[in-house]
Structure formats: C-alpha cells, structure tokens
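Q: here is a sequence together with a model predicted from it:
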Amino acid sequence: MYEMKNLARLSALKRTIPDTMAAFDAFGDAALAEGALPRKVKELIAVAVALTTQCPYCIEIHSKEARSAGATDLELAETAMLAAVMRAGGAITHAAHLFPAAERIAQAAK
C-alpha cells in the first residue's frame, strides 16, 4: 500500500492545480532551507513529525534527507524517542480532562 512509487500519482495534482502545487513545493523548500536551524536539524525535526503523524512516505523521505545532511544512527534514534515521548505526552496531558468529569460525577452522586 505504501510504496514510494505511489508518490508519482501526485503528478495529477500538479497537472490539475499547478500554481497551488508550485506554491506548496516552494513552501516546503523554504521551510527546509538552511537558516537559523541547520538543514540536518530541520530534517531531524521533520523525521520526528513524520514519526508522530505516522506518515510512511515522510519517514522515508526525511530520514534519507537527514542522513544526507549528516545525521547519524544515534541522532535518528534520539529523534525517534523524542517523537515517542511527545506522542505519549499528549495522551498523558489529555488525561487531565478525565478528572473534572469524575469530580462532576462524584458531586452529582452526593
């Protein structure tokens, strides 16, 4: 299902909405360009986001780009753990919404 060759199908978007896709491509290029953050750091951030959003295409593309920018196995491993803690952290922080409901239920039962 997730084969990199499937991305060739995106050419249909480029044919159908060329200006929009050109703007999207330019946006991506600008966001990933060397700047205050080096390209390697930006690609590692992209890997973390790709892991968190669970996009197999993005994982493959940005892990290759990160390696091309000099990322090591250790840096990619730490990036993966950062993505994991951020995703898990969301579940933990959302647990805060459980307790007001429990408090209301307890109050209503009195």
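A: Arrived safely. Numbers count the residues shown, from 1 in each chain.

Q: let's check: the centremost residue of this structure is which one?
A: residue 49 (1.9 Å; Cα atoms, centre = their mean).

Q: ok, that residue - contacts?
A: 58, 83 (Cβ atoms under 8 Å, 6 or more residues apart in numbering). For glycine as for every other residue, the C-beta is placed from the backbone atoms N, C-alpha and C.

Q: just the pLDDT at it, thanks.
A: The score at residue 49 is 97. That number is its pLDDT.

Q: so which strand or helix has it?
A: helix 39-53 (DSSP states H and E).

Q: which residues of the protein score low on pLDDT?
A: Along the chain, segments meeting pLDDT under 70 span 102.

Q: try it again with 80
A: For the chain, residues meeting the criterion pLDDT under 80 lie at 1, 100-106, 110.

Q: tell me what the top helix by length along it is packed against?
A: Using DSSP state H, we find that the single longest helix of the chain is helix 73-94. Judged by 3 or more Cβ pairs under 8 Å, 6 or more residues apart in numbering; DSSP states H and E, the packing partners of helix 73-94 are helix 39-53, helix 56-68.

Q: kindly export stretch 13-20 (C-alpha atoms) in PDB.
A: C-alpha atoms of stretch 13-20 as PDB (Å, rounded to 0.1, in the frame of the first residue of the first chain):
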ATOM      1  CA  LEU A  13      -2.300  17.300  -8.600                       C
ATOM      2  CA  LYS A  14       0.500  19.200 -10.400                       C
ATOM      3  CA  ARG A  15      -1.500  19.000 -13.600                       C
ATOM      4  CA  THR A  16      -4.800  19.900 -12.100                       C
ATOM      5  CA  ILE A  17      -3.700  22.700  -9.700                       C
ATOM      6  CA  PRO A  18      -0.200  23.600 -10.900                       C
ATOM      7  CA  ASP A  19       0.000  27.000  -9.200                       C
ATOM      8  CA  THR A  20      -1.100  25.600  -5.800                       C
END
